[in-house]
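Student: Need the 3D shape of this:
(chains A, B, C and D)
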4 protein chains.
Amino acid sequence: MTPTQPTAGPADSEADDGAGKKDPGKPLVVLRPAPQRSDRIFSVETMARLRDQFTVVDLEDDPSPAALDAWLPEAFAIVGQPDLPRARLRRAPALRALLNVEGNFFPNVDYEACFEQGIHVLGCGPAYAQPVAEYALGLALDLARGISREDRAFRAGRERYVLAGNTDSILLRHADVGLVGFGNLGRALRPLLAPFQPTVRVFDPWLPPAVLRAHDVVPATIEETLGRSQFVFVLATVTEESRQLIGAEQLDLIPEGGRLILVSRAPVVDYPALLERVDAGRLTAAIDVWPDEPVAPGDPARGLEGLVLSAHRAGGIPAAFHEVGDMVVDDLSLMARGLPPARMQVAARELVGRYRNRPVA
Amino acid sequence: MTPTQPTAGPADSEADDGAGKKDPGKPLVVLRPAPQRSDRIFSVETMARLRDQFTVVDLEDDPSPAALDAWLPEAFAIVGQPDLPRARLRRAPALRALLNVEGNFFPNVDYEACFEQGIHVLGCGPAYAQPVAEYALGLALDLARGISREDRAFRAGRERYVLAGNTDSILLRHADVGLVGFGNLGRALRPLLAPFQPTVRVFDPWLPPAVLRAHDVVPATIEETLGRSQFVFVLATVTEESRQLIGAEQLDLIPEGGRLILVSRAPVVDYPALLERVDAGRLTAAIDVWPDEPVAPGDPARGLEGLVLSAHRAGGIPAAFHEVGDMVVDDLSLMARGLPPARMQVAARELVGRYRNRPVA
Amino acid sequence: MTPTQPTAGPADSEADDGAGKKDPGKPLVVLRPAPQRSDRIFSVETMARLRDQFTVVDLEDDPSPAALDAWLPEAFAIVGQPDLPRARLRRAPALRALLNVEGNFFPNVDYEACFEQGIHVLGCGPAYAQPVAEYALGLALDLARGISREDRAFRAGRERYVLAGNTDSILLRHADVGLVGFGNLGRALRPLLAPFQPTVRVFDPWLPPAVLRAHDVVPATIEETLGRSQFVFVLATVTEESRQLIGAEQLDLIPEGGRLILVSRAPVVDYPALLERVDAGRLTAAIDVWPDEPVAPGDPARGLEGLVLSAHRAGGIPAAFHEVGDMVVDDLSLMARGLPPARMQVAARELVGRYRNRPVA
Amino acid sequence: MTPTQPTAGPADSEADDGAGKKDPGKPLVVLRPAPQRSDRIFSVETMARLRDQFTVVDLEDDPSPAALDAWLPEAFAIVGQPDLPRARLRRAPALRALLNVEGNFFPNVDYEACFEQGIHVLGCGPAYAQPVAEYALGLALDLARGISREDRAFRAGRERYVLAGNTDSILLRHADVGLVGFGNLGRALRPLLAPFQPTVRVFDPWLPPAVLRAHDVVPATIEETLGRSQFVFVLATVTEESRQLIGAEQLDLIPEGGRLILVSRAPVVDYPALLERVDAGRLTAAIDVWPDEPVAPGDPARGLEGLVLSAHRAGGIPAAFHEVGDMVVDDLSLMARGLPPARMQVAARELVGRYRNRPVA
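Tutor: Predicted coordinates for the structure are as follows:
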């Protein structure tokens, strides 16, 4: 906070160091996390750590543009994803970082202006990678062995013992596995698959083969990835190019009996085509993301035996939210020391404007 | 088959090399797999491999003692687990191996007499270790994340999106994990857990600490193993000592919210005590083996929300059965070449009489 | 190359697509790799791949400022590390990337101006990480077991058989290992150490503990890292802060008999103090980098029994140089497609000006 | 020690529980380790552990047959490898285990009689597997990078900096690696190679392909194993079949520039043929075992630049010897509890008579 702008901000009681007043020696951090919530991402300890090092302006209860505007001239960092067009960024000369805590980059920020001003644009995606990867493996093992299907049967008194319930059970060991997309999620999933010694084919048009080989996977076309895999993990984010990347034609490349795990974004897949093939018994699938959430009460997907149904639960677990807060404070601390951030994902200038994910409700 | 005993066996048509007659240069292998079935464990290729190297006497359709007795004097190996008291073994001077394909060692064989005669007693347990380990991990991830529970809710129109359905979801990463027993199952499960970087405590009174440490687990008492674990895998076989090893008192050592995965043998656990704690919400559990199978139609376990119910499905998948056949032929081949078996489990003289498992129905 | 500036560059013969003339549809890449050499980093295949996608201006034989200046207005990328002050960068409006192929970032470039203009500043450090890591492990195993020392003795007829030559031999398994610095080198070394199941302590003041824990190492102070390690790997780069980071006082923290492997940069360590302790038999060490290279002919280090001497050989192997070229072309291809680079290291704005490494002779 | 034979043994002072007299409740263990030494394998703590559980008869200072004979009737176990023909074994009705602490099985024991009497024949080979594996990896990295060669050059003032000394340096990452033999040594080496992501081909005629595949290696013929490997590890034990397994013809299969690491037994390789090829620069090699040890003073191998010379040092390090003692006590404890041994190697009836290793001097 600069001494030459003593009246630029609101009353001291809102920007304080936890003891009721601003500390001129501490950089100013604006919290404006909506639709995320502060108490979900910051544990008491993490918040204390934040307040110990920074003057924290908490705008969670006042997300109005005016409230934020008042603090822009002094802000060192903004935790959240408010609208930040170029003109508004120009009024934040001290701003060093924008820390997105929602999980998606939306076009309400002029990212190009951020890069020009030397503002780090950081995302919290890595916090969700491990939960999603563990969940995806759990779904794959469920599909491999019919865990939830046979649990339902057992509850209905129709359980089948030993081999009778296992006729379509397969191992993950030595299986052919395909990953569509190899970003945070793929990189978190790969090591979990390693002890199964699978052959992992990956389609990711944003990465050169050498990067994939370094992760001990086989670079492949989308056709090879689908056509030779018993397990297909759809991990791609949404861009113009990846919309409906996996349509009817692509689904028909997957071998009979294939198991598809969809944990990234719904628009990547043609749902009617997928559900039709599950209904016909050609494929089984575990679906965590849906074209419309909540799913309609009468949606026939709810009754398909070949599905594992999941309500957008792959990433958003308590530990992940707390990791977001922990990452935020760690990276703020580094940046305040003149070091680069080390935990959050640095948005790529070339990509940040291409994502077409929608906010999670 | 020795030329000096040309009339000891039945008609040539029963002991043949696939072409209708005995080959005096090939060792004689008796197939008597009941209650296992030949066509379940031997693929066409594996059976061809067997017949190529051995004279095969197939008694699957005639499991009478007399049928077997006729071939004992010439038998090089018996694939199966017929009654073999000492007197009968004495009539099999050429017998080099008894290859159990059921999965459990029962007291219908005089194992001590086998060891004295230099007969290898081999078990097929290793074939089931990988399927059980993968299944156990799948069950653990289900309990960690509520996969089958929320699938049921989704089908009933009661799904909860994102955090709402995740309040009790936890990561396996960096978790405290306890294994009760560290035989084939534990050794197959350990590498699958490795990428989650857990702290793994193991209770196994049959193994010195150094063996456990070599597998990168922490040797522990049963109290430590239960008392400090968020995930408890019960992998112990049944002996007099392990019956009800985990009773009410032990279950109460597990931290609140603990998740118990039971995939080995039912008698190790006190079921009423376990189900009571699941019903009370203190623990959740995945149960694959039951005190009485099939489980009674009205068993209250069928309605417990905190359970994942499974009908003895952990090991008996098609790939495991075929692996049994493959192991049998590989080890028969080695032994016919004067080499020790390398794939099946060599029964330990000290342990083979102590198991109290029952046959799988 | 823009059609509106057809005369801005030199004669076609210098900027060609391999067929003798400029291709207006291909982005222009300037090669000016000195002191690196093109034929060392580009295999024939890689160079063909480069020329296939780009108009290549090769200034290897004419590294004069004027030669480069002529191409600045059209350059899409510069492969090399020429002097690039702000004024000169301003004359390169199309420049998207500066690809350093020497290995160190020197202050002859105005990096801040690069960031403002949206120019990627990329380094080739990752190409050397694997060679250095493998070499460092080889040096550690040499120190653990006296490989080069006993080879010398054998050649001199003084070899000692079995235990006689092994009195100070130790295992790496379960050892206490300390890493000073955890950048590219540490991250490449960590997985090589994993199967030895060591306890790895890391001192890296630029990284928060959570980053280190994610790599399965123990965050530690420099005192703990040195004081509890049988093997100390010095992997830190040179900054004002890290000069003489490991002086006499720090060396005395290392337990008696400790083994120090120095493969990053000489200024991090107080050489006289280190050599004195090696001479006294308190420590052994493997040294790949030296305060002055070449080392003076009569340097007493040449005669120390407790040293493994190495002439700056850890990273610069043929495969590494070829990987540099491969990375360059891969990342140029990605950037030409509007994607971010994926293989070279993106220089951090905060750090690029802080390195104090000197060029490798 | 049975109360019915109170006078069968020597004076109490020789067989005591550490407190000066026999304890009738403790099984009797005879120590007769020559040519191994008790104080090399048993630490003070381990010896205390042994004496705590057993009545120990220490014959280290009296290795006469008579001394041993006196204790045979009561001996529960013998630690060592004395002559034990059948007649002598018959006089040891209580003998449950023979624990070889030399490392090789020699024909001075009637192993068949041991098996008939139910005596465990145990070897200490596993104690040396990790030291040998670490050493073999160290040797391979030395050959890959010229560590000892360039250390020698540095000492002679002929060091070559950076690339000049690296023209033949190669990575282990992604290399083709061949293992000849896959017993204890191969199994200990395999995980150390894993992070280098090599293709590992293995020739082991005693193992079926499925066993090798389970260790993530490619089963191969000796021709494939040698013919496609940049690094060849010779890990085979000596039998009639493996003598000179790798002769001139086989050596010529190894690709030019191949690196051979020999750490098991000398008779497996044709030394003159190997040294000739190293001298000619076709191969480099690291040799730890020699046809005659000590090697003759004027042996030309001492001067070959392409060799790393080692004096049978791969396994015999202090930690390995202590592990032998620790294994002995752990397994004795298990057997005294009626459990099978878990740490030492159980000799295979089919193999124990086939080894042709000679004692280590």
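Student: Tell me where chain A has strands.
Tutor: Assignment of strands within chain A using DSSP state E yields the ranges A:15-16, A:28-32, A:55-58, A:75-80, A:97-99, A:120-123, A:176-180, A:199-203, A:218-219, A:231-234, A:259-262, A:284-287, A:307-309, A:345-346.
Student: strands paired with the longest one, and their directions?
Tutor: The reference is to strand A:75-80. Next to strand A:75-80 in the sheet, as set by DSSP bridges, lie strand A:28-32 (parallel), strand A:97-99 (parallel).
Student: could these go into a markdown table alongside mean neighbour count and mean pLDDT?
Tutor: All C-beta spots, glycine's among them, are computed from the backbone N, C-alpha and C. Formatted as a markdown table, those follow (neighbours: other Cβ atoms under 10 Å in any protein chain shown; pLDDT from 0 to 100):
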| stretch | mean neighbour count | mean pLDDT |
| --- | --- | --- |
| strand A:28-32 | 25 | 97 |
| strand A:97-99 | 25 | 98 |
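Student: Export those to a markdown table and append columns for distance to B:I41.
Tutor: Conversion of the strands paired with strand A:75-80 to a markdown table gives the following (distance: least, Cβ to Cβ, whole Å):
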| stretch | distance to B:I41 |
| --- | --- |
| strand A:28-32 | 64 |
| strand A:97-99 | 58 |
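Student: related to what we said a few turns ago, show me the one of the strands of chain A that comes nearest C:D52.
Tutor: strand A:218-219 (18.9 Å; Cβ to Cβ).
Student: closest one to A:L332 among the strands paired with strand A:75-80?
Tutor: Ranking the strands paired with strand A:75-80 by proximity to A:L332 (Cβ to Cβ) places strand A:28-32 first, at 6.2 Å.
Student: which residues sit against that closest one?
Tutor: Outside strand A:28-32, the residues that touch it by Cβ atoms under 8 Å, 6 or more residues apart in numbering or on different chains are A:1, A:15, A:22, A:38, A:50, A:54-60, A:63, A:68, A:71, A:74-80, A:82, A:94, A:332.
Student: If any of the residues you listed are buried, give me the ChimeraX selection for them.
Tutor: To isolate the buried subset of the contacts of strand A:28-32 in ChimeraX, counting by 16 or more other Cβ atoms under 10 Å in any protein chain shown, use the following:
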select /A:1,15,22,38,50,54,55,56,57,58,59,68,71,74,75,76,77,78,79,80,82,94,332
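Student: Break chain A into its domains for me.
Tutor: Using automatic domain parsing, the domain ranges for chain A come out as A:15-124+A:318-346, A:128-309.
Student: What ranges does the stretch 101-250 of chain A have for its helices?
Tutor: Along the stretch 101-250 of chain A, counting by DSSP state H, counting those that start in this stretch, helices occupy A:111-117, A:125-145, A:147-155, A:184-193, A:209-214, A:222-227, A:248-251.
Student: what's the most buried one of the ones you listed?
Tutor: helix A:125-145 (a mean of 26; mean count of other Cβ atoms under 10 Å in any protein chain shown).
Student: now A:L260, which residues is it bridged with?
Tutor: Where A:L260 sits in a bridge, its partners, by DSSP bridges, are A:V232, A:A285.
Student: That one: neighbouring residues, count only.
Tutor: A:L260 has 28 neighbouring residues, counting by other Cβ atoms under 10 Å in any protein chain shown.
Student: quick one: it and A:Q230 touch, right?
Tutor: No. With contact defined as Cβ atoms under 8 Å, A:L260 does not count as touching A:Q230 (10.3 Å).
Student: Now the stretch 101-250 of chain A against chain C: closest residue?
Tutor: Shortest the stretch 101-250 of chain A-to-chain C distance, computed as Cβ to the nearest Cβ: residue-wise this is A:P208, at 4.0 Å.
Student: Next up, the contacts around the closest residue to that residue other than its chain neighbours.
Tutor: Residue nearest to A:P208 in three dimensions, not counting chain neighbours: C:D330, with 4.0 Å by Cβ to Cβ, 6 or more residues apart in numbering or on different chains. By Cβ under 8 Å, 6+ apart, the contact list for C:D330 reads A:P208, A:A210, A:V211, C:A342, C:R343.
Student: Verify the contact between the second one and C:L334 for me.
Tutor: It refers to A:A210. No. A:A210 is beyond contact range of C:L334, at 11.3 Å (criterion: Cβ under 8 Å).
Student: Just put the helices of the stretch 101-250 of chain A in CSV and tack on mean pLDDT and distance to chain B.
Tutor: Output for the helices of the stretch 101-250 of chain A, formatted as CSV (pLDDT from 0 to 100; distance: least, Cβ to the nearest Cβ, whole Å):
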stretch, mean pLDDT, distance to chain B
helix A:111-117, 93, 26
helix A:125-145, 98, 3
helix A:147-155, 98, 4
helix A:184-193, 97, 4
helix A:209-214, 97, 17
helix A:222-227, 98, 22
helix A:248-251, 97, 22
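Student: residues near the closest residue to A:C114 other than its chain neighbours, how many?
Tutor: Leaving aside its sequence neighbours, A:C114 sits nearest to A:V121 (Cβ to Cβ, 6+ apart; 5.1 Å). Residues lying near A:V121 (other Cβ under 10 Å) number 21.
Student: Would you agree A:V121 is in contact with A:V346?
Tutor: Yes. Using Cβ under 8 Å, A:V121 is in contact with A:V346, at 7.3 Å.
Student: Tell me where the model's unsure across the stretch 1-150 of chain A.
Tutor: Applying pLDDT under 70 to the stretch 1-150 of chain A flags residues A:1-22.
Student: again, only this time at 90
Tutor: A:1-25, A:63, A:103-104 (pLDDT under 90).
Student: mind listing what the residue of the stretch 251-361 of chain A found nearest chain D touches?
Tutor: Per Cβ to the nearest Cβ, A:P255 is where the stretch 251-361 of chain A lies closest to chain D, at 22.1 Å. Under the criterion of Cβ under 8 Å, 6+ apart, the contact list for A:P255 reads A:G227, A:R228, A:S229, A:Q230.
Student: returning to what we had before: so can I have a markdown table of the domains of chain A showing distance to B:P191?
Tutor: Putting these into a markdown table (distance: least, Cβ to Cβ, whole Å) gives the following:
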| stretch | distance to B:P191 |
| --- | --- |
| domain A:15-124+A:318-346 | 24 |
| domain A:128-309 | 4 |
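Student: Nearest to D:V324, out of those domains?
Tutor: That would be domain A:128-309 among the domains of chain A, by Cβ to Cβ, at 31.0 Å.
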